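Colleague: Got a sequence here, can you build the structure:
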Amino acid sequence: MSEIAARPPSVDALARSIASTGLPHPLCVDAARQAIAEGDPSRAAEIANAIAAALLVPVVNATGVIAHTNLGRSPVKVDRAPRAQNLEFDLESGQRGSRQIGIGRLIARAVGAEDAIVVNNNAAAVLLVLAALADGRDVAVSRGESVEIGGGFRIPEVLEQSGARLVDVGTTNRTRVADYRKALTKRGNDIALVLKVHPSNYRVEGFVETTPVEQLAELGVPVVADIGSGLIDANFPWLTDGPPAWLSGEPAARQTLAAGADLVTFSADKLLGGPQAGVIAGRADLIATCARHPLMRALRPGGLVLESLHGTMLAYLSRDASRIPFWRMATASLDSLRTRANDVVTAANCGRVVECASLPGAGSTPGATIASVGVAIDGDRTERLRRHSPPVIARVHDDVTILDLRTVDPADDIVIVNALRSLG
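Modeller: Numbers count the residues shown, from 1 in each chain. Sure thing, here's the model as predicted:
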């Protein structure tokens, strides 16, 4: 009898006993086998739940960071019928077309460019530009802009991978146009272009000087400006109240091109409020050179990304910020947030209304904050909230859990209420 009791349970039977986790049977089998191998079959459900938690699921972002990198950056709506799309099909001629023409036209119109193309992120945009326009040649970059941003994206390493050679210009804190001229005329240099990089996730203050695009444009070589965050127009024509105070000084694509940049590159999932993608916009001849490069096929986005970005750009051209979740959240009034917070606290019979501060997020506008309103609960309740279905992601400050409603869609207020009730 002791030998029978010591036998491990059937893998299939144990897997079927944890079917309530919602995982497909093969994954339940994996969890069962792991639990048995560890000598503790009772852990099968715990292991299965850990597998489920590692899968992509919708979550409610109550952190106060609108474009939260770990939560997919800008929130976008994905809802479409299971149909084919004219991704590379010309409806006029009935022949093969280009996936870039439609979206390129929309972006170019929005930023005042001759043409534009889209790749899978901004790092890819910078890599493609350098590979297409400066392979085997030199690229001038200010030492103060030879930066590293999130995920280990380093300008010198991207240059190296592209086949271009980095030429350091100026100093870390001060770079003048004369420094670029010196690099252009220095014996042995073969400058293909000037790369100006916006340090979007940090700020240098004090004894500093940078060279504006207007001066760089007079050097006689192409100027490529990586503006990073994806602000397309500093005039904010899609907002009825005009430019928000928290976003002053952020470089915008339209104004950067008007100042003389030949190309701009930027992310689509930050201040643009679209899906993950990278944009290259500017001179048509340079865009065409990038589009013909062999890397383009490896870096191009798929139809779902392009369809989502189409919707985002059509909203901008319609000057309708209400269709862009990022801007709905960023511009929500304090009164509306306060009303929602009071309703949540009343319905949940838990927590208290507090003033707090939101962030644009995703390495954009370093130091910028947006006044907000949320719900506070004493203690660190973040783990319990993460275990709610759907998970609610909050933040903790001074041992107080804060759920910032600026980053919560109003339709999800009921989720916040139910999550708070579950805390007991």
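
Colleague: can you give me the strands for the stretch 201-350 of the chain?
Modeller: Here the stretch 201-350 of the chain has its strands, by DSSP state E, counting those that start in this stretch, at 223-228, 263-267, 278-282.

Colleague: Quick one: closest of those strands to Leu317.
Modeller: Closest to Leu317 of those is strand 278-282 (C-beta to C-beta; 14.3 Å). Placement of C-beta: from N, CA and C, glycine included.

Colleague: Pairing partners for the closest one, with directions?
Modeller: Here strand 278-282 is paired, per DSSP bridges, with strand 115-119 (antiparallel), strand 263-267 (antiparallel).

Colleague: which of those strands is buried the deepest?
Modeller: Across these, the average number of neighbours (mean count of other C-beta atoms under 10 Å) peaks for strand 263-267, which reaches a mean of 29.

Colleague: Between strand 223-228 and that strand, find me the angle.
Modeller: Angle of strand 263-267 versus strand 223-228, following axes from the mean of the first three to the mean of the last three C-alpha atoms, to 10 degrees, is 10 degrees.

Colleague: Contacts for strand 263-267, please.
Modeller: For strand 263-267, contacts defined as C-beta atoms under 8 Å, 6 or more residues apart in numbering pick out 111, 113, 121-122, 125-126, 129, 222-231, 253, 256-257, 272, 276-283, 286-287, 362.

Colleague: The same query, at a cut-off of 6 Å, please.
Modeller: Strand 263-267 has contacts (C-beta atoms under 6 Å, 6 or more residues apart in numbering) with 122, 125-126, 224-228, 230, 253, 256-257, 279-282, 286.

Colleague: Next, count neighbours for the nearest residue to Gly273 once chain neighbours are set aside.
Modeller: Take Gly273 and drop its neighbours on the chain: the residue closest to it by C-beta to C-beta, 6 or more residues apart in numbering is Phe326, 3.2 Å away. Neighbourhood size, Phe326 [other C-beta atoms under 10 Å]: 26.

Colleague: could you list every residue that touches Phe326?
Modeller: Phe326 makes contact with 66, 74, 273 under the criterion C-beta under 6 Å, 6+ apart.

Colleague: now do 7 Å
Modeller: Listed by C-beta atoms under 7 Å, 6 or more residues apart in numbering, the contact set of Phe326 reads 66-67, 74-75, 273.

Colleague: With neighbour count, distance to Ala31 and pLDDT as new columns, can those be given to me in CSV?
Modeller: Below are those laid out as CSV (neighbours: other C-beta atoms under 10 Å; distance: C-beta to C-beta, whole Å; pLDDT from 0 to 100):
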residue, neighbour count, distance to Ala31, pLDDT
Ile66, 29, 36, 95
Ala67, 28, 34, 93
Ser74, 28, 34, 93
Pro75, 19, 31, 91
Gly273, 27, 38, 96
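
Colleague: where does the residue nearest to Gly273 sit relative to Ala108, distance-wise?
Modeller: Between Phe326 and Ala108 the computed distance is 21 Å (C-beta to C-beta, to the nearest Å).

Colleague: does Glu355 sit in a helix, a strand or a coil?
Modeller: Look at Glu355: counting by DSSP: H, G, I helix; E, B strand; the rest coil, its state is strand.

Colleague: was I right about it contacting Val373?
Modeller: Yes - in this structure Glu355 lies within contact range of Val373 using C-beta atoms under 7 Å: 6.1 Å.

Colleague: From the neighbour counts alone, determine which of those two ranks first.
Modeller: Legend: neighbour count by other C-beta under 10 Å for Glu355 and Val373, higher for Val373 (23 against 13).

Colleague: partners of the strand or helix carrying the more buried one, with directions?
Modeller: Under the criterion of DSSP states H and E, Val373 resides in strand 370-378. When pairing is defined by DSSP bridges, strand 370-378 lines up against strand 352-358 (antiparallel), strand 400-404 (antiparallel).

Colleague: sec struct for Gln161, please.
Modeller: When classified by three-state DSSP, Gln161 comes out as helix.

Colleague: Confirm for me that it is in contact with Val126.
Modeller: No - applying C-beta under 7 Å as the test, Gln161 and Val126 come out as separate, 10.2 Å apart.

Colleague: So for the two, which residue has more residues nearby?
Modeller: Ranked by neighbour count (other C-beta under 10 Å), Gln161 and Val126 place Val126 first, with 25 against 11.

Colleague: Going along the chain, name the helices of the stretch 151-300 of the chain.
Modeller: With helices called from DSSP state H, counting those that start in this stretch, the stretch 151-300 of the chain shows them at 155-162, 177-185, 213-216, 253-258, 284-292, 295-299.

Colleague: Okay, now the unreliable bits of the stretch 51-200 of the chain?
Modeller: Low-confidence segments of the stretch 51-200 of the chain, defined by pLDDT under 70: 149-152, 200.

Colleague: again, only using 50
Modeller: For the stretch 51-200 of the chain, no stretch is flagged by pLDDT under 50.

Colleague: check contacts around the nearest residue in space to Phe89 that is not next to it in sequence.
Modeller: Excluding its sequence neighbours, the residue lying closest to Phe89 (C-beta to C-beta, 6+ apart) is Gly97, at 5.5 Å. Residues counted as contacts of Gly97 (C-beta under 7 Å, 6+ apart) are 88-90.

Colleague: and which of those residues is nearest Ala245?
Modeller: For the contacts of Gly97, the residue nearest Ala245 by C-beta to C-beta is Glu88; the value is 43.4 Å.

Colleague: OK, contacts around the closest one?
Modeller: Applying C-beta under 7 Å, 6+ apart, the residues near Glu88 are 96-99.

Colleague: Could you do Gly303 as well?
Modeller: Gly303 sits next to 85, 87 when contact means C-beta under 7 Å, 6+ apart.

Colleague: do Gly282 as well
Modeller: Going by C-beta under 7 Å, 6+ apart, Gly282 touches 113-114, 257, 261-264.

Colleague: How about Arg395?
Modeller: Shown in contact with Arg395 (C-beta under 7 Å, 6+ apart): 63-64, 402.
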